[in-house]
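Q: coords please:
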Amino acid sequence: MSDDAVAADARPSPLNDEHVALGATLVPFAGWSMPLRYRSDIAEHTAVRTAAGLFDLSHMAELVVLGPDAGAFLDHALVGSFSRMAVGKARYTMICVESGAVLDDLIVYRTGDAEYLVVANAANHDPVLAALRDRVGDLDVAVQDRTDTTALVAVQGPRALEILRSTPGLVAEGLVELRYYAALEGTFDVDGEPRPVLIARTGYTGEDGFELFVDAASVGVPLWRALLAAGEPFGLVPAGLAARDSLRLEAGMPLYGHELDLTVTPYAAGLGRVVKLEKTDAHGRPVDFIGRAALDARAHAAPARVLVGLVGESRRAARQGYVVTTRSGAPVGRVTSGAPSPTLGVPIAMAYVTPEVSAEGTALAVDVRGRPEPVHVVALPFYRRP
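A: Model prediction:
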């Protein structure tokens, strides 16, 4: 299928007209038409590192889990522990299949005593929704798909808090004190009427920032415009998918379809910490979950491959799929993500390699279009905010 055909079939974001008015380059992404960039990938990336960027994330899947057994259900369906999580907290987690492989990585927010918000990757909307509904069994819980009615925007960067506090009509008691991976309920005034907004201190850039969930039809556009106007004096710019990808790569954050897929377990990806093998429910009883037996076996076994960071010693960047070799040319792995780093000024990449070459400082090479380019292994992430 041609790019034009894909673009014609792509769903517009609730903010599509705003992107067009700002001159964005729109591309098909996970079934949606989304902004790749507005003016410059590097300028948008740099703005997020030094001031702030405004992102449209409305393509992400928003799935709400409701009912008296909501916490117990998520304990069973996902690899993390949720029934004992406090209201207002968020948790990074994964949904795995029986083999222990990753179906998707998720963020789960507890929004009430019997209500959770599960945010999945856009490309995995259908399989995640199907898997969750299939895992309900006889539990008293419902899984609702609210993707079409939700707009999600993010303000990311060191000046994000100042921008939110300066946005007219946005009321969020306790915003300053809100911790990382926590959320609160606020309001945003639309034509004199306060509308609900869920504000989470989460993000995918390696910077401080906030993600705001609102009703797509009535609040999405007014909130986008208000944030853009309030942020202009602080250096905020709209930012697209290209900047989001280079930012998350510098921060060493995995992207499904690159570092994570159905051939990878959380342990191979260096994310075994999210797997709670010995979790208990709200009453202290042991909990079994989908994939537990396979993950328990993997937790105590030597991995066949390890996710590492690579820093290039030349100017040519490694890209997804490029072969990683020893300096003598023996294949030892494959790149999952790679690009020049605007912040660090060198090529960077993440790659799965065999354990014997995974130590920090190991000298390797990447086959870049038939020519070996020298790289060395570094600890992830490449970048940490000051």
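Q: give me every residue that touches residue 194.
A: By Cβ atoms under 8 Å, 6 or more residues apart in numbering, the contact set of residue 194 is 171, 187-188. All C-beta spots, glycine's among them, are computed from the backbone N, C-alpha and C.
Q: what pairs with it across the strands?
A: residue 189 (DSSP bridges).
Q: out of the contacts of residue 194, which one sits closest to residue 35?
A: residue 188 (21.9 Å; Cβ to Cβ).
Q: The closest one: what's it in contact with?
A: Shown in contact with residue 188 (Cβ under 8 Å, 6+ apart): 169-171, 194-195, 197, 214, 219, 222-223, 226.
Q: ranking those by neighbours, who comes first?
A: Counting neighbours by other Cβ atoms under 10 Å, the top entry in those is residue 214, with 28 neighbours.
Q: picking that back up, possible to save the contacts of residue 188 as a markdown table with pLDDT, distance to residue 325 and secondary structure?
A: Listed next are the contacts of residue 188 as a markdown table, based on pLDDT from 0 to 100; distance: Cβ to Cβ, whole Å; DSSP: H, G, I helix; E, B strand; the rest coil:
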| residue | pLDDT | distance to residue 325 | secondary structure |
| --- | --- | --- | --- |
| 169 | 98 | 56 | coil |
| 170 | 98 | 52 | strand |
| 171 | 97 | 56 | strand |
| 194 | 98 | 59 | strand |
| 195 | 98 | 55 | strand |
| 197 | 98 | 50 | strand |
| 214 | 98 | 48 | strand |
| 219 | 98 | 51 | coil |
| 222 | 98 | 53 | helix |
| 223 | 98 | 49 | helix |
| 226 | 98 | 51 | helix |
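Q: sorry, back to before: how about CSV for the contacts of residue 194, with distance to residue 45 added?
A: CSV is the format used below for these (distance: Cβ to Cβ, whole Å):
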residue, distance to residue 45
171, 31
187, 32
188, 28
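Q: wait, which of the residues you listed is closest to residue 280?
A: Using Cβ to Cβ, the contacts of residue 194 come closest to residue 280 at residue 187, 36.6 Å.
Q: burial of the closest one, as a residue count?
A: Neighbours of residue 187 under the rule other Cβ under 10 Å: 17.
Q: what about it, helix or strand, and which?
A: strand 183-190 (DSSP states H and E).
Q: Now do the same for the residue of the chain most remote from its centre: helix, strand or coil?
A: Using Cα atoms, centre = their mean, the residue of the chain lying farthest from its centre is residue 328. It sits 36.3 Å away. Classification of residue 328 using DSSP: H, G, I helix; E, B strand; the rest coil returns coil.
Q: No further questions, thank you.
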